[in-house]
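A.B. asks: Take this sequence and fold it.
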Amino acid sequence: WQHGLWRRYKYPKAVHIYTVVLLKKIVCCCISFGKSHIFCFKFHHTSIINMEPGFADRLKATMQKNYDSSPLHQTSPFSSPLHTPSSTSSQKLYYDRYIPSRASPSLVRKSLFGSAKKKMDSNKLKEVNSDPPKPETLAFETALRNELLGESISEISDPQMCSNNEMLKPSPLRENMFKYMSPCKVKDVTAPYSISPVSKSTSRMLLSPRRATRKIPKTPFKVLDAPDLQDDYYLNLLDWSSQNILAVGLGTAVYLWNASTCQVSKLCDLDEERNAITSVSWSEKGQYLAVGTHVGYVHLWDAASVKRTTVFNGHSARVGSLAWCNDVVCSGSRDNTILQWDFRLPAFPTKRLLGHVQEVCGLKWSPNNQHLASGGNDNKLFIWSHDSSSPLHCLSEHKAAVKALAWSPHQHGLLTSGGGTADRTVRFWNVLTGQCLQSVDTGSQVCNLAWSQSSTELVSTHGYSQNQINIWRYPSLLQVAKLTGHTTRVLYLAMSPDGQTIVTGAGDETLRFWNVFAKSKSFKKPSSPLDMVSYVR
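C.D. replies: Next up is the predicted model:
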């Protein structure tokens with residue numbers, strides 16, 4: 001090796017060939033692929049290749065002539081052509097003999113699946129592609145990971161329940177791809193007598209049952225005209241009763257639309273009183289409808305008999321928000337007050353709540369009727385107890401008016417609130433402690449919020465500047481779908497009794513119906529009190 005002449009042949013793509021000439025015969029050949037892989041082929045004495053006479057002498061003379069001028073005068077597998085060793089001991093020595101880790105499929109993973117994505121900023125919106133990957137694509141990628149990368153993925157997560165990075169969890173990517181290490185043992189070993197061409201994990205993944213993927217339609221299945229629907233952020237002119245009747249305030253009149261028969265009827269018209277409708281809200285049983293007016297009155301109507309039963313007079317400005325709690329209706333007004341009315345005692349309000357310094361534009365009772373949430377134009381969110389006139393919490397993290405409010409039906413004490421144009425965030429609160437659990441920047445004005453009755457998802461409607469409808473998943477705050485169709489701010493939102501359909505209203509004077517959630521499962525009581533097994537959910 002030391003007495004032989006080394007010759008380097010350069011080829012494209014960093015392929016170099018070295019030959020050892022000893023006693024006028026080629027005895028060894030080395031092939032190098034870009035300093036990464038070296039293959040040595042040694043010719044034994046029985047297969048020594050004869051060379052042309054005089055070739056060794058000409059080769060020696062040529063290399064000796066260019067020895068000083070050529071930077072590659074020391075080219076052998078044991079000394080790097082890119083670096084000449086120095087006499088100083090502090091300087092590092094670089095070699096071209098690198099042995100890659102056979103157990104690390106980093107190069108294959110990078111070429112097939114790409115490198116890891118950058119982390120998203122927590123303050124920015126977390127979005128998921130509205131069109132989740134197809135199950136066939138996920139199955140094919142999983143099979144590639146199992147067969148080529150030696151992983152053991154036996155099941156695929158639901159595309160709608162996690163992000164793209166969480167569907168398939170590969171082994172960690174090694175940064176040093178050329179570090180030597182012993183090959184690891186493969187845990188998933190196929191049975192020796194198996195006729196399957198794939199591994200055991202891939203077979204289990206392919207044979208496992210697939211969960212049906214829920215597809216959210218991007219277009220409304222019904223559109224109704226709503227002339228004179230006011231384009232005002234602080235009003236609440238849409239509500240859906242438990243009897244499947246939709247109430248909408250148009251100008252000075254209130255109309256009822258029966259979702260079962262698709263029949264439209266007029267409940268009342270206050271044109272003679274020159275009084276515009278500013279809010280509507282159904283009672284829990286769907287029998288009575290509370291109607292707030294521009295002059296500060298609250299009318300109570302019996303929908304079945306189409307008669308006005310009571311008029312509450314206590315506000316000095318318009319009533320923009322209403323909320324029911326059993327037989328008590330709460331009204332929020334521009335006069336900064338919240339009044340509680342009992343229709344059995346209509347002469348005076350039973351309670352007066354003071355805290356806001358500007359118009360009250362949002363009111364919602366908790367599912368257990370223990371707490372009342374109120375939002376106002378003063379950027380404040382108040383939490384009230386049903387048995388106290390003093391607020392439990394005053395939350396001031398929002399930077400704009402708080403109109404959108406929604407209580408979670410799945411977790412006790414979880415409240416969701418949304419801010420206006422200057423805020424654009426949706427916040428999640430623990431009302432028991434007053435702590436903000438999470439928040440997400442939606443990028444536009446938040447007008448309404450509503451939770452799904454069958455899953456931990458919620459829908460939000462938006463105004464400036466995108467006028468969209470978003471569906472979120474809690475607690476990951478991933479955007480499941482984005483629906484568009486309205487040309488102006490989506491100011492009004494109501495949900496059907498079965499929790500499957502939502503209706504949205506906007507300043508474009510249209511009502512659009514969307515199928516966004518799965519149908520909630522109804523709980524049926526057993527016919528016999530002795531059948532206790534039926535009570536188990």
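A.B. asks: Test my guess that R204 contacts S154.
C.D. replies: Yes: using C-beta atoms under 8 Å, R204 is in contact with S154, at 4.4 Å. Quick note: C-beta positions are derived from backbone N, CA and C, even for glycine.
A.B. asks: so who does Q370 touch?
C.D. replies: Going by C-beta atoms under 8 Å, 6 or more residues apart in numbering, Q370 touches 385-386.
A.B. asks: for it, phi and psi?
C.D. replies: Phi and psi for Q370, reported as degrees, to the nearest 10, are phi -100, psi -30.
A.B. asks: Sticking with A139, tell me its helix or strand.
C.D. replies: Using DSSP states H and E, A139 sits in helix 135-148.
A.B. asks: export that helix as PDB, just CAs?
C.D. replies: Extracted in PDB, the C-alpha atoms of helix 135-148 (Å, rounded to 0.1, in the frame of the first residue of the first chain):
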ATOM      1  CA  PRO A 135     -57.700   7.800   4.400                       C
ATOM      2  CA  GLU A 136     -56.100   6.100   1.400                       C
ATOM      3  CA  THR A 137     -53.200   8.700   1.400                       C
ATOM      4  CA  LEU A 138     -52.700   8.200   5.200                       C
ATOM      5  CA  ALA A 139     -52.700   4.400   4.800                       C
ATOM      6  CA  PHE A 140     -50.100   4.500   2.000                       C
ATOM      7  CA  GLU A 141     -47.800   6.800   3.900                       C
ATOM      8  CA  THR A 142     -48.100   4.600   7.000                       C
ATOM      9  CA  ALA A 143     -47.200   1.500   5.000                       C
ATOM     10  CA  LEU A 144     -44.200   3.300   3.600                       C
ATOM     11  CA  ARG A 145     -43.000   4.300   7.100                       C
ATOM     12  CA  ASN A 146     -43.500   0.700   8.400                       C
ATOM     13  CA  GLU A 147     -41.800  -1.000   5.500                       C
ATOM     14  CA  LEU A 148     -39.000   1.500   4.700                       C
END
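A.B. asks: May I have the secondary structure class of the closest residue to A143 other than its chain neighbours?
C.D. replies: Nearest non-adjacent residue to A143, counting by C-beta to C-beta, 6 or more residues apart in numbering: T202, 5.1 Å away. Taken by DSSP: H, G, I helix; E, B strand; the rest coil, the conformation at T202 corresponds to helix.
A.B. asks: In contact with T202, which residues are there?
C.D. replies: Applying C-beta under 8 Å, 6+ apart to T202 gives the contacts 142-143, 146-147.
A.B. asks: got those residues as JSON lines, with distance to L437, pLDDT and neighbour count columns?
C.D. replies: Shown next, in JSON lines, are the contacts of T202 (distance: C-beta to C-beta, whole Å; pLDDT from 0 to 100; neighbours: other C-beta atoms under 10 Å):
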{"residue": "T142", "distance to L437": "34", "pLDDT": "83", "neighbour count": "21"}
{"residue": "A143", "distance to L437": "39", "pLDDT": "83", "neighbour count": "18"}
{"residue": "N146", "distance to L437": "38", "pLDDT": "82", "neighbour count": "22"}
{"residue": "E147", "distance to L437": "42", "pLDDT": "82", "neighbour count": "14"}
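A.B. asks: out of these, who's nearest T425?
C.D. replies: Closest approach to T425 among the contacts of T202 (C-beta to C-beta): T142, at 36.8 Å.
A.B. asks: so what's that closest one up against?
C.D. replies: Neighbouring residues of T142 by C-beta under 8 Å, 6+ apart: 153, 156, 168, 202, 205.
A.B. asks: The residues you listed: which two are farthest apart?
C.D. replies: Put simply, by C-beta to C-beta the two of these set farthest apart are L168 and T202, 12.7 Å from each other.
A.B. asks: gap between E359 and S417?
C.D. replies: Using C-beta to C-beta, to the nearest Å, E359 is found at 16 Å from S417.
A.B. asks: Those two: who's more crowded?
C.D. replies: Between E359 and S417, counted using other C-beta atoms under 10 Å, S417 has the larger neighbour count: 27 against 20.
A.B. asks: Out of the contacts of T202, the closest to V426 would be?
C.D. replies: Closest approach to V426 among the contacts of T202 (C-beta to C-beta): T142, at 33.9 Å.
A.B. asks: The closest one and G485, how far apart?
C.D. replies: 36 Å.
A.B. asks: Extract the CA atoms of stretch 400-417 and return them as CSV.
C.D. replies: C-alpha atoms of stretch 400-417 as CSV (Å, rounded to 0.1, in the frame of the first residue of the first chain):
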residue,chain,number,x,y,z
ALA,A,400,-63.1,45.6,22.3
ALA,A,401,-66.8,45.2,22.9
VAL,A,402,-67.8,41.7,24.3
LYS,A,403,-71.0,40.5,22.6
ALA,A,404,-70.2,36.8,21.8
LEU,A,405,-70.8,34.6,24.8
ALA,A,406,-71.3,30.8,25.1
TRP,A,407,-71.3,28.3,28.0
SER,A,408,-69.9,24.8,27.4
PRO,A,409,-72.5,22.1,27.9
HIS,A,410,-69.7,19.5,28.5
GLN,A,411,-67.5,21.1,31.2
HIS,A,412,-68.8,22.8,34.3
GLY,A,413,-67.8,26.5,34.6
LEU,A,414,-66.2,26.8,31.1
LEU,A,415,-67.2,30.1,29.4
THR,A,416,-66.2,31.3,25.9
SER,A,417,-66.2,35.0,25.0
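A.B. asks: which parts of it are buried?
C.D. replies: Neighbour counts over stretch 400-417 (16 or more other C-beta atoms under 10 Å) mark 400-409, 413-417 as buried.
A.B. asks: Same check on stretch 320-332?
C.D. replies: Quick answer for stretch 320-332 (16+ other C-beta under 10 Å): 320-325, 328-332.
A.B. asks: start to end distance for that stretch?
C.D. replies: 6 Å (C-alpha to C-alpha, to the nearest Å).
A.B. asks: Other residues contacting it?
C.D. replies: Residues outside stretch 320-332 that contact it (C-beta under 8 Å, 6+ apart) are 234-236, 278-284, 290, 292, 298, 300, 312, 314-315, 319, 333-334, 338-344, 350, 359-365, 369, 372, 374, 376, 386.
A.B. asks: By neighbour count, sort out the buried ones in those.
C.D. replies: Buried members of those, scored by 16+ other C-beta under 10 Å, are 234-236, 278-283, 290, 292, 298, 300, 312, 314-315, 319, 333-334, 338-343, 359-365, 372, 374, 376, 386.
A.B. asks: hmm, back to that, most neighbours of all the contacts of T142, which one?
C.D. replies: In terms of neighbours by other C-beta under 10 Å, the contacts of T142 top out with T202 at 24 neighbours.
A.B. asks: Show me which of the contacts of T142 is closest to S454.
C.D. replies: Nearest to S454, judged by C-beta to C-beta, of these is I156 at 23.1 Å.
A.B. asks: Which pLDDT does the model give the closest one?
C.D. replies: pLDDT, I156: 74.
A.B. asks: hang on, isn't it packed against P135?
C.D. replies: Yes: at 7.3 Å, I156 counts as touching P135 under the criterion of C-beta under 8 Å.
A.B. asks: what are the bridge partners for T504, then?
C.D. replies: For T504, the beta-bridge partners are L493, R512 (DSSP bridges).
A.B. asks: Oh, that last question was meant for V402, not what I typed.
C.D. replies: Beta-bridge pairing for V402 (DSSP bridges): G419.
A.B. asks: pLDDT below threshold where in the stretch 201-350 of the chain?
C.D. replies: Residues of the stretch 201-350 of the chain meeting the criterion pLDDT under 70: 211-212.
A.B. asks: repeat that with 80
C.D. replies: The stretch 201-350 of the chain contains residues with pLDDT under 80 at 208-214, 273, 346-347.
A.B. asks: now the strands: where do they sit in it?
C.D. replies: 222-225, 238-240, 245-250, 253-258, 263-269, 277-282, 288-293, 297-302, 307-313, 319-325, 328-333, 337-342 (DSSP state E, counting those that start in this stretch).
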